[in-house]
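Student: Sequence first, then the predicted structure, then my questions.
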Amino acid sequence: MKPQLREAGPEDAALLRELMLACWTGMVAADSSAFRETEADLRAELAKGGAFLLSLGHLSIGSVRWRNLGDAWEMARLGVLPAFRGLGHSQTLTEAVAMRARNAGARELRIGIRRDQPRLLDFYATQGFVLADDFAYSHPNPLTEPPWLMRRVL
């Protein structure tokens, strides 16, 4: 069965939160702001950009969010359920956001990488992202070090 990608709406806030928690728990430190998000927070975030859900049949297996900042978009909260990792689903989600951003006229896609997740630097580099230090992250976590910043020219 081929995974299906769809855009999430405000009505998917609970599903997005549950899926993100299932993907991130045990992989991301408990001080991540993701673990403090509420459904209301998620609906507010969706209003600033959007999200994609990736499903196999009726099972949601991954998601990603983005913020539309005009010429640049920020990608955030990418996650794939553990049983479905290593199958290219993260790349599918990344490319979906990149295509949406490009089609909307954005010139680059940005991402912040937590300092306790250095393995993600190589992953995103294979997706065309490079380290950058010439922009400010739109939603830094005040409880942690500033993230590494990466960009991908679209």
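Tutor: Nice, I can see it.
Student: Next, give phi and psi for residue 102.
Tutor: Dihedral pair for residue 102: phi -60, psi -50, per degrees, to the nearest 10.
Student: now it: how far from residue 143?
Tutor: Remark: distance between residue 102 and residue 143 (C-beta to C-beta, to the nearest Å) = 33 Å. For the C-beta atoms, the positions are set from N, CA and C on the backbone; glycine is no exception.
Student: Compare those two (neighbour count), which wins?
Tutor: residue 102 (14 against 11; other C-beta atoms under 10 Å).
Student: so that one makes contact with residue 128?
Tutor: No. If you go by C-beta atoms under 8 Å, residue 102 and residue 128 don't touch, sitting 12.0 Å apart.
Student: Can you classify residue 21 as helix, strand or coil?
Tutor: helix (DSSP: H, G, I helix; E, B strand; the rest coil).
Student: Excluding chain neighbours, give the residue nearest to it in space.
Tutor: residue 35 (7.3 Å; C-beta to C-beta, 6 or more residues apart in numbering).
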